[in-house]
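Enquirer: sequence and predicted model, in that order:
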Amino acid sequence: MHKALRYFCQFIAYALFALVVGYFATQPAYTHLDPDKALIKMSFSHAGEHLQECRRLTQEELNLLPPNMRRPMDCLRERVALLIELELDGEILYRDELAPSGLAGDGASTAYRKFPVPAGSHRLVARLRDSRREDGFDYEQAAVVTLVPQQNFVIDFRPELGGFLFL
């Protein structure tokens, strides 16, 4: 009798645990994105120009270096920060200066941002500066995009393909 009661109590405990887990697996309902919104995702990694111009070493300077260190150009590793700007329907949606990664500031700058926006037709402009210039942008891409509700719209950057890609 005592053994049967123990098994019954154990069954009840497992059933209650399963009910609690089942409830929290479905409730409260999670809404990833409002039904009338679309999501613009900007994701890329890109290295800007070197902070300073490379300098050609003279023959005398090369002769002073050990043979395994003789390279004709002397370039600092540090890179410029990227200036990124995203405009939606004439309003600045995002603007930031992305510092290069790495201890020496010589790595790529990385951007990953998400923007929930109303579904519908929008004029989208993406701009990027990756050079030492003081004003203006090196890359600019504009497009009229029609976003449907719950759509994931991706902005990528590939300089070898001409700059920004709207996917």
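Expert: Cool, the structure landed. Residues are numbered from 1 along each chain as shown.
Enquirer: contacts and neighbour counts: CA atoms only from here.
Expert: OK.
Enquirer: excluding chain neighbours, what is closest to residue 47?
Expert: Leaving aside its sequence neighbours, residue 47 sits nearest to residue 108 (C-alpha to C-alpha, 6 or more residues apart in numbering; 3.9 Å).
Enquirer: and the longest helix for this protein?
Expert: Ranked by residue count under DSSP state H, the longest helix found in the chain is helix 2-26.
Enquirer: now that helix: mean pLDDT?
Expert: Per-residue pLDDT values across helix 2-26 average out to 88.
Enquirer: so how far is it off the chain centroid?
Expert: 45 Å (C-alpha atoms, centre = their mean, to the nearest Å).
Enquirer: neighbours of residue 83, how many?
Expert: For residue 83, the neighbour count with other C-alpha atoms under 10 Å is 20.
Enquirer: now do the contacts for it.
Expert: For residue 83, the contact set (C-alpha atoms under 8 Å, 6 or more residues apart in numbering) comprises 95, 96, 97, 98, 128, 129, 130.
Enquirer: tell me which helix or strand comes right after the helix or strand containing it.
Expert: According to DSSP states H and E, residue 83 maps onto strand 82-88. Using DSSP H and E, the next helix or strand after strand 82-88 towards the C-terminus is strand 91-98.
Enquirer: tilt between the next helix or strand after that next one and strand 91-98?
Expert: Note on strand 91-98: by DSSP H and E, the next helix or strand toward the C-terminus is strand 109-118. For strand 109-118 against strand 91-98, the angle by axes from the mean of the first three to the mean of the last three C-alpha atoms, to 10 degrees is 160 degrees.
Enquirer: now residue 99: closest residue in space, sequence neighbours ignored.
Expert: That would be residue 81: by C-alpha to C-alpha, 6+ apart, it lies 4.5 Å from residue 99.
Enquirer: wait, residue 73 sits on residue 56?
Expert: Yes - between residue 73 and residue 56 there is a contact under C-alpha atoms under 8 Å: 4.5 Å.
Enquirer: ok, and the closest non-adjacent residue to the residue nearest the centre of the chain?
Expert: Centroid check for the chain by C-alpha atoms, centre = their mean gives residue 112 as the closest residue, at 1.9 Å. With C-alpha to C-alpha, 6+ apart as the criterion, residue 112 has its nearest non-adjacent residue at 4.4 Å, and that residue is residue 43.
Enquirer: again, but for residue 164
Expert: The nearest residue in space to residue 164 (C-alpha to C-alpha, 6+ apart) is residue 157, at 4.4 Å.
Enquirer: tell me the pLDDT at that neighbour?
Expert: 95.
Enquirer: who touches it in this structure?
Expert: 43, 44, 45, 46, 163, 164, 165.
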